[in-house]
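Asks: sequence and predicted structure, then a few things I'm wondering about:
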Amino acid sequence: MLIMKFLTVVCTLVTTWIYAESMQFTDDELRPHEGVAIGCAGRRMQLNNQMKEVMCVPRHAMVKLIPQPGYTFYPNYASVKRCSGFCPRNKSCMPVRKNVRKIAVRMDGYDSSECYHVLLEEHTKCKCQCSVTENHCNIHQVYSEDNCACECMNKRECDKERQMVWNEKLCKCTCDKEEEICSSGLEWVPSRCG
């Protein structure tokens, strides 16, 4: 009887420990099934406060300082403000105003040690905007501001061609078949898929 109680306690402790271990996760490991439905009624202020905490603004970020080969910086990290936070679909939190910040460090070399100012970019104002701009588009693409993307102009071209598939990167139809070795006097024509 005593052994059964002991085993029950051990089993309960192990189960609790396994459950607690499974609930420990890093920021990027949150999964929807680990949440608990709570209902939205009466939570407007809480949701608004949460949005304020995660909105696109300059926040302190750790930046690794990389010296010239053969040297080390002390400290080798600096805290500067960089844009981060929530933006609507297809937009990124990007800087619209920046300045240069001087960070004092010691640079140690093989036989020397001196103090330096390292210049780092610091973001002072942020905005949700498209990270892809019209300048990223090639001659076969048109810029879609709504989608923040370069889109191919001639997508319908493939609809009338058999054995051809649309290649989004090249913005053109490409052959769906393997290139064939032709008999003498003939040449493989990729645009005709034959």
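Replies: Sure, I can see it. As the structure is a computational prediction, the values presented were derived from the model and not from experiment.
Asks: residues near Glu114, how many?
Replies: 10 (other Cβ atoms under 10 Å). All C-beta atoms are positioned from the backbone trio N, CA, C, and that covers glycine.
Asks: contact partners for the nearest residue to Met164 once chain neighbours are set aside?
Replies: Leaving aside its sequence neighbours, Met164 sits nearest to Cys173 (Cβ to Cβ, 6 or more residues apart in numbering; 4.1 Å). Counting by Cβ atoms under 8 Å, 6 or more residues apart in numbering, Cys173 touches Glu157, Cys158, Glu161, Met164, Val165, Trp166, Asn167, Ser191.
Asks: count the neighbours of the third one for me.
Replies: Which is Glu161. 15.
Asks: quick one on the thing from earlier: any idea what the residue nearest to Met164 is bridged to?
Replies: Trp166 (DSSP bridges).
Asks: thinking again about what came up before, now, the most widely separated pair of the contacts of Cys173?
Replies: Within these, Trp166 and Ser191 form the most distant pair, 13.9 Å apart (Cβ to Cβ).
Asks: and the strands in the chain?
Replies: 57-64, 72-74, 77-84, 92-108, 113-129, 141-144, 149-152, 164-167, 172-175 (DSSP state E).
Asks: tell me the mean pLDDT for stretch 152-165?
Replies: Average pLDDT, stretch 152-165: 75.
Asks: so what touches it?
Replies: Contacts to stretch 152-165, defined as Cβ under 8 Å, 6+ apart, come from residues 140-142, 166, 168, 171-177, 193.
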